[in-house]
Each structure stands twice: as C-alpha cells, then as structure tokens.
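Q: whatever this is, show me its structure:
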Amino acid sequence: MALKHYKTESGGKLEVGQVLYTKHFALTVDRALCKGCQICALACPKQALSRIPQVDADGKAVAPLVDVDEAKCDFCGICALACPFSAIAVTARGLNGGMADNRVSTDIYPALVRDIQVDNAKCKPGCKQCEEICALGVLSVDTEKGEVAVKAELCAGCTACWMECPEEAITVAKFIEGEIQINTEKCPEGCQRCVDVCPVNAAALEDGEVFANGYTCIYCGACLEVCPVEGAIELERTAIRHSPVDSGTWHKALEKLTSAEGLQRELAAENADKARAAAKNLEGEA
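A: You can find the predicted model right below:
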C-alpha cells in the first residue's frame, strides 16, 4: 500500500509519484517534448492519462495538455515506451537515496524501433536542409565539417529529412504505420486547427484546403484531438514496429492503438517467428 501519492508541476514538467515503504516511483511528462497526441492515453491499461483541452491563442489552435491521475497510475511505464516523442519517463528509486532506475521491464513491454541513420560521408559542407526541415529538432548540422548529429531517441520517424536530403545521406524507418484522410467537405470554413498542432508538419494548407501528407504523418492523433468536426479526419494505425516481446498487456495496448485486425496481424507474425525458431532448433538437433 502506498504511503502517499503526489502531483507537482514545475519547470515545464508534470510529475506524479507514489511513495512506498522502500521505493519511490515517479512519472514525469516533459511539456516541451509532449505534443498532446493520443498515444499514451490509449496505451495506458489503467486509463490514468487524459488530455485537457487548451484555449486557442490568437486564433491558433493549441495542443491539449496531458494529465495523469496519480491515484490510478501504477507506474508500469507502458506510456513511456509508447510515446513517439520520448516525453514521458517512469523511474524508481530507493528511499535511502539510491539512484533512480528505469521502472519499465523490457520483458513485459517492447521498445519502439527508432531507426534513423546518417551517412556523413555523403553530406556536403554548408548543407543544412535536414536540420531546417526537422520539426522536432532531432538533427543538428556542423556546416564546416559537413556532419550531422542525431538525437535518435527523439526521432518520431516522420521521414521528412530522408525525403528532402539532396544527397540521399539519411534513411529513416517509420515505427508507426497507418493511413490518414482529411475529408475537406466536412472541414469548417477557414479551419486549420490540425495544421496548427501537427508536430511534424504533415498537415498543411494548399489552395485554401487542408491536406495530410501520408508520407510524413506519424499517426499520433494530435490532429484528432483538436478537430471540431467528427469524421473530418479519418486516421488508422495499422502496425507498430517494436522489439520482440510476448506480452498480454502489450497486446491489449496494441489493439487499442491499432485495431483488432492489427493485433491479429501481430499475433500471426509472432507465431510465424516461433515456428521458424522451432524449425531451426529441430534442424540443429538432427
């Protein structure tokens, strides 16, 4: 039983915690990194995360704030692993002042496969195109050396840098696959709320109409959180690339993040992998 729960907000970070007799669990949301999307709330098995709508600033839509119910949260860490923006951290430390460690067990939950590679040998001095197009500030360029530094843990896999690099020096693999469609006939006149909040600039205006770029969309659902008309945006996540794990809790989260069909595809792939592994073992024993 917890001795106490708490919630604090300071320095641009929300922290909720639980103090037990021997350990102190904490969940921290970095407001600067959080984009107010749907992923953490959908993944949470305790429905401890929610989103608080924000008032428009000067006519521009504002992404909602993520909130955490400190009484519901059990600090399992699945939200931290599922967050495309690495905005959530869950840690545990001993009450004797011991160092904090990661609360998340990789045996229970997978890690998203963030895969961004830069071949600096192909980069030309003076080129900063990838840095300029990256909406999340993941890339920084030393123009004199022609070298690109990458914060891979912050990459959301939008692939914009990959597509725009003139030297084909960057490769990026998406870790969330899906489909998005904006039904412009349902959009209110002059509305561009989805454009305002899209964290990777995948929603844009063209000839006065909003459109979604399916190539760079990361299917986080931030646009759905602010869209005023039901059905104006149709978004479906079809698959999530992650490290191997066989977990009932993750399967439930995956079904909410994608669909029953998405879960079945994952289970089929897992069974196929197990069958191949068993066949190799039999070959080795023969």
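Q: quick one: contacts for Ser86?
A: Residues in contact with Ser86 (CB atoms under 8 Å, 6 or more residues apart in numbering) are Leu33, Glu153, Leu154. Where you see a C-beta, it was placed from the backbone N, CA and C, and this is true even at glycine.
Q: next one, pLDDT for the first one please.
A: So that's Leu33. What the model reports for Leu33 is a pLDDT of 97.
Q: got it, and Lys145?
A: If you check Lys145, the pLDDT there is 82.
Q: and for stretch 54-62, what's in contact with it?
A: Residues outside stretch 54-62 that contact it (CB under 8 Å, 6+ apart): Gly36, Ala63, Pro64, Leu65, Gln192, Arg193, Cys194, Asp196, Val197, Val226.
Q: go through it and flag the buried ones.
A: Under the neighbour-count criterion of 16 or more other CB atoms under 10 Å, stretch 54-62 has Ala61, Val62 buried.
Q: returning to what we had before: buried subset of the contacts of Ser86?
A: Buried among these (16+ other CB under 10 Å): Leu33, Leu154.
Q: distance to Ala204 and secondary structure added to the contacts of Ser86, as JSON lines?
A: Formatted as JSON lines, the contacts of Ser86 follow (distance: CB to CB, whole Å; DSSP: H, G, I helix; E, B strand; the rest coil):
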{"residue": "Leu33", "distance to Ala204": "23", "secondary structure": "coil"}
{"residue": "Glu153", "distance to Ala204": "27", "secondary structure": "helix"}
{"residue": "Leu154", "distance to Ala204": "22", "secondary structure": "helix"}
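Q: with distance to Lys128 added, can I get the contacts of Ser86 in CSV?
A: CSV is the format used below for these (distance: CB to CB, whole Å):
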residue, distance to Lys128
Leu33, 23
Glu153, 22
Leu154, 18
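Q: torsion angles phi and psi at Ala26?
A: phi -140, psi 140 (degrees, to the nearest 10).
Q: tally up the residues packed near it, please.
A: Other residues near Ala26 come to 19 when the count uses other CB atoms under 10 Å.
Q: picking up where we left off before, quick check, nearest of the contacts of stretch 54-62 to Gly208?
A: Within the contacts of stretch 54-62, distances to Gly208 taken as CB to CB reach their minimum at Gln192, with 9.7 Å.
Q: who wins on neighbours among the contacts of stretch 54-62?
A: Counting by other CB under 10 Å, Cys194 has the largest number of neighbours within the contacts of stretch 54-62, with 26 neighbours.
Q: just give the nearest non-adjacent residue to that one, would you?
A: Cys223 (3.7 Å; CB to CB, 6 or more residues apart in numbering).
Q: ok, now Leu257?
A: For Leu257, ignoring the flanking residues on the chain, the nearest one in space by CB to CB, 6+ apart is Leu42 at 5.2 Å.
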